[in-house]
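Peer 1: Here's a sequence, model it:
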Amino acid sequence: MSMNISLVLGHPRPDSFCHAIAATAVTTLRTNGHVVAFHDLYAEGFHPLVTAEESRTRVSDDPLVEQHCAELMRAEGLIVVHPNWWGQPPAILKGWIDRVIRPGVAYDLAVGASGARTQHIGRLHVRTALVFNTSDTPLGQEQTRFGDTLGILWKTYIATLSGIPDIQRHLFSVMATSTSEMRVAWLEEVRSIVHRSFPATHTVQSTA
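Peer 2: Numbering: from 1, shown residues only. The predicted model follows:
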């Protein structure tokens, strides 16, 4: 059965490895028969700043933001691709999180008898999420020296509070010293991960 998959890319350079990851993921998903809502945030000029009115009403007067929200609410799968910049996503993607992973879309806030907010109640129908990151820092340093801040963001905060039961994060590094052969192998790894997480909706019949 085909699935609705939202795929969000946050990298400014069209020749980046993040773009290659996203292209590989989109091709794999569509080959497997899924419906893909793909957004290159830089290419479409996504505005990352939450407005004052938006912070009060939790509704945006930006049609593109509302489109992203509607697609995410329909999504059964989510893929996000971005580099690691200072242990965080690029500002445009952080703005996407602020404007789209919002109350009424990704979660609700339960309010206790005293009027205090007691817990987040996840609203998303996403069953599986994949986060692909590129970095110039080895994985060991990310985890031991810097505390894996991206893992905390995506797994501890976003997945937990939005009700996503399965989120996997895959890091490709060190990009600065990677060879063309390594990148080809990494893209094959991306294809395999996406195929395994969102398998084909049909079986190809042999004509032999």
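
Peer 1: ok, A200 to V194 distance?
Peer 2: Going from A200 to V194 by Cβ to Cβ, to the nearest Å gives 11 Å. Where C-beta positions appear, they are placed from N, C-alpha and C, glycine not excepted.

Peer 1: Then L78?
Peer 2: The value you get for L78 to V194, if Cβ to Cβ is used, is 12 Å.

Peer 1: so what sits against both of the two?
Peer 2: By Cβ atoms under 8 Å, 6 or more residues apart in numbering, L78 and V194 have these common neighbours: L130.

Peer 1: picking that back up, for A200 and V194, indicate the residue with more neighbours.
Peer 2: Each of A200 and V194 has its neighbours counted (other Cβ atoms under 10 Å); V194 has more, 26 against 14.

Peer 1: quick one: buried residues of the strand or helix carrying that one?
Peer 2: Element membership for V194, per DSSP states H and E: helix 180-197. Of the residues in helix 180-197, 186-187, 190-191, 193-194, 197 count as buried by neighbour count, 16 or more other Cβ atoms under 10 Å.

Peer 1: Need those in JSON lines (columns: pLDDT and distance to G45).
Peer 2: Shown next, in JSON lines, are these (pLDDT from 0 to 100; distance: Cβ to Cβ, whole Å):
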{"residue": "W186", "pLDDT": "98", "distance to G45": "29"}
{"residue": "L187", "pLDDT": "98", "distance to G45": "27"}
{"residue": "V190", "pLDDT": "98", "distance to G45": "26"}
{"residue": "R191", "pLDDT": "98", "distance to G45": "29"}
{"residue": "I193", "pLDDT": "98", "distance to G45": "29"}
{"residue": "V194", "pLDDT": "98", "distance to G45": "27"}
{"residue": "S197", "pLDDT": "98", "distance to G45": "29"}
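
Peer 1: Output those residues in JSON lines; the columns should cover distance to T160.
Peer 2: Below are the buried residues of helix 180-197 laid out as JSON lines (distance: Cβ to Cβ, whole Å):
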{"residue": "W186", "distance to T160": "28"}
{"residue": "L187", "distance to T160": "30"}
{"residue": "V190", "distance to T160": "25"}
{"residue": "R191", "distance to T160": "28"}
{"residue": "I193", "distance to T160": "21"}
{"residue": "V194", "distance to T160": "23"}
{"residue": "S197", "distance to T160": "19"}
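
Peer 1: and which of the residues you listed is nearest M73?
Peer 2: Nearest to M73 among the buried residues of helix 180-197, counting by Cβ to Cβ, is S197 at 20.2 Å.
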